[in-house]
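J.: Below is the sequence, then the predicted model.
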Amino acid sequence: MRKDIVVIGGGPAGLAAAISAYESGSTDVMIIEREQRLGGILNQCIHNGFGLHTFKQELTGPEYSERYLKRLSELPIDIKLDTMVIDVTPEKKVIAINSSDGILEIEAGAVILAMGCRERPRGALNIPGFRPSGIFSAGTAQKFVNIDGYMPGKEIVILGSGDIGLIMARRLTLEGAHVKMVLELLPYSGGLKRNIVQCLNDFAIPLKLSHTVTRIHGKDRVTGVTIAQVDSELKPIRKTEQYVACDTLLLSVGLIPENELSRKAGVAINLKTQGPFVSNTLETSVPGIFACGNVLHVHDLVDYVSEEAEMAGKYAADYVKSNESSATTVKIETQQGVRYSVPSTVNPDLIDKFLVIRFRVTEVFENHFVTVAFDDQVLQQRQKRILTPGEMEQVLLPKAWFLKHPDLKSIQIRIAKEESQ
C-alpha cells in the first residue's frame, strides 16, 4: 500500500496534522489510531479551559476535539482505528496490525509522528512498600471517573503537582472524595498557575511543596502513606516523617513522550525532552519524518499542540511535493536558565512572518529578562514577572531579522537577571 502521508496517532495533534496536510495539497492521507475512536486523551478531559487560543472560546476536551472531527468528516482522509503501529523504518515504511486487515505495510511519502505521551509509573519512583490496590496514575483515575464511572477511592493523597493531578484533585472532590493533600517534591509546582488556584485553592486542598511519599502502607489495599519534607538535594529529611491515613494514592509525577517508534525509525532524541530534535519545519533528523504535539515535547495547552501540528502537516505536504529535506543552517542554543527549546535548528528560508520558539526554564525566576541573541548580539529582551518550569514560554522572531543577518550561525536564548546594555 502506498500513501502520501501517514499520521500515527489520532489525538489532537494527529487530527490537526492530517487536516492541515490535506488542505496543503496532499490528498492521499491516512490516520492510524490504536484506540477505537479518535480524539485521544481529550475524550476523558471533560473539564473546560480548552480552545481559548484556537477558537477564542472556553471548551471541554470533547468539545475541542469535536471541532476537528467535524472538519475531518468532510475530507476523504483514510482512518484506521483499533490499529497498532509496530514499526517505522528510516525509509518511511509503516508496519501496523489490526484484527481485520492483519499486517499492513504502508510505503509513505512522509510520516507524521503524533503518538502523544504517557504517564511516569510508580516503578520509576522507587517508593518502598507492597503493591496494594489503590495506587493509580492521575490519568488512569481520570479515565475511571470520567469514562467508566468508577471512583478510585474516598480518602486520597496525590503525589506530584502536574496539571492532571491538580485537575483530578478538584474532580474527585466534586465527586465526594476527600483529597487530603497534594505533595510536590520540588520547591515549585509543575502545573499551571490557574490550575493551582482553581483546583486547589478554591477547594482548600493543601499543596505541600518540597515533600514526597517515602513509604506506602497496606498489603491488599492502601491504608496510608508516610510523607516527609525533602532538602535542597531532594532527599527526605529525618524526623520530618508524618503518617497520613488514606485508601488511595494518585501519582502525577510527569509525562514521557511515546517515542519507541521514533527510535525505531532512527530519529535523534533530545534527552531533555525525550522527544525528537526538530527544525522549524518540525522535520526530525530523518528526512521525511515529522513530529508534533506531546510526542515532541510535553505541552501545557492543547491549543499549542494544534498550532504545531498544523505546521507539521503543511511542511510534510511540502516535502511530499518536492521530496527535498529542509536543510537547516542555524542552531538554537539554550543557555543559562533555559532547559530546552523547540525547534532546535532553523532554516531561515522557510520562515513565514515569524519564527516561534517555545521553551521551558530550569527553575523559578522572578523579574528576570528573556534574552534572545543572534551570534551573541542581543536583539530582544523581555522582562517577565515570573517564569516557572510548569508553564511553557515562547518568543516570536520576525523574518526581517533573519534577512538582516544572512550569515547567521546560531541563536542564543537565556534568562538574565539584569537588562543587557
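T.: Received the coordinates, thanks.
J.: So which other helices or strands are in contact with the helix-or-strand element of the chain with minimal mean pLDDT?
T.: Sorting the helices and strands of the chain by mean pLDDT, DSSP states H and E puts helix 193-195 at the bottom, at a mean of 90. Under the contact definition 3 or more Cβ pairs under 8 Å, 6 or more residues apart in numbering; DSSP states H and E, helix 193-195 sits against helix 163-174. Backbone N, C-alpha and C define where each C-beta goes, glycine included.
J.: Now the most far-flung residue of the chain relative to its centre, what are its backbone angles?
T.: Farthest-out residue of the chain from its mean C-alpha position, per Cα atoms, centre = their mean: Lys239, at 37.1 Å. With angles defined as degrees, to the nearest 10, Lys239 sits at phi 70, psi 10.
J.: contacting residues around it?
T.: Under the criterion of Cβ atoms under 8 Å, 6 or more residues apart in numbering, Lys239 has no neighbours.
J.: Just the pLDDT for it.
T.: Predicted confidence (pLDDT) at Lys239: the value is 92.
J.: now Gln421
T.: 57.
J.: try Ser20
T.: Predicted confidence (pLDDT) for Ser20: 98.
J.: For Val338, give its distance to Arg358.
T.: As judged by Cβ to Cβ, to the nearest Å, Val338 and Arg358 stand 11 Å apart.
J.: neighbour-wise, which of those two wins?
T.: Neighbour count, other Cβ atoms under 10 Å: between Val338 and Arg358, Val338 has more, with 21 against 18.
J.: need the contact list for the more buried one.
T.: Residues counted as contacts of Val338 (Cβ under 8 Å, 6+ apart) are Phe359, Arg360, Val361, Thr362, Ile413, Arg414, Ile415.
J.: Make CSV out of those and add neighbour count and pLDDT.
T.: Output for the contacts of Val338, formatted as CSV (neighbours: other Cβ atoms under 10 Å; pLDDT from 0 to 100):
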residue, neighbour count, pLDDT
Phe359, 21, 97
Arg360, 22, 95
Val361, 23, 96
Thr362, 15, 94
Ile413, 22, 97
Arg414, 17, 96
Ile415, 21, 96
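J.: got any ranges where the stretch 301-421 of the chain has weak pLDDT?
T.: Where the stretch 301-421 of the chain drops to pLDDT under 70, the residues are 420-421.
J.: hey, what's Ile386 bridged with?
T.: Glu366 (DSSP bridges).
J.: Surely it touches Val370?
T.: No: taking contacts as Cβ atoms under 8 Å, Ile386 lies outside contact range of Val370: 11.8 Å.
J.: So for these two, which sits in the more crowded spot?
T.: Set side by side, Ile386 and Val370 show more neighbours around Val370, with 22 against 11, by other Cβ under 10 Å.
J.: any idea how far Val298 is from that one?
T.: Distance, Val370 to Val298, by Cβ to Cβ: 20 Å.
J.: for Leu72, same thing?
T.: For Leu72 relative to Val298 (Cβ to Cβ), the value is 24 Å.
J.: do Glu119 as well
T.: The spacing between Glu119 and Val298, counted by Cβ to Cβ, is 11 Å.
J.: Now do the shared contacts for those two.
T.: Counting by Cβ under 8 Å, 6+ apart, the residues touching both Glu119 and Val298 are Leu255.
J.: The residue lying closest to Glu241 once chain neighbours are set aside: neighbouring residues, count only.
T.: In space, Glu241 comes closest to Ala228 once its chain neighbours are excluded; the distance is 4.7 Å by Cβ to Cβ, 6 or more residues apart in numbering. Using other Cβ under 10 Å, the number of residues around Ala228 comes to 19.
J.: Point me to the helix or strand that includes Ala228.
T.: strand 224-229 (DSSP states H and E).
J.: Need the contact partners of that strand.
T.: 157, 183, 208, 210-218, 236-237, 240-246, 249.
J.: Sheet-wise, list the partners of that strand with their directions.
T.: Strand pairing (DSSP bridges) places strand 224-229 next to strand 211-217 (antiparallel), strand 242-245 (antiparallel).
J.: would you list every one of the strands in the stretch 301-421 of the chain?
T.: 330-334, 338-342, 345-346, 354-361, 365-374, 377-387, 393-398, 410-416 (DSSP state E, counting those that start in this stretch).
J.: Please enumerate residues in contact with the longest one?
T.: Surrounding strand 377-387, the residues in contact under the criterion Cβ under 8 Å, 6+ apart are 337, 361, 364-373, 393, 395, 397, 401, 415-416, 419-420.
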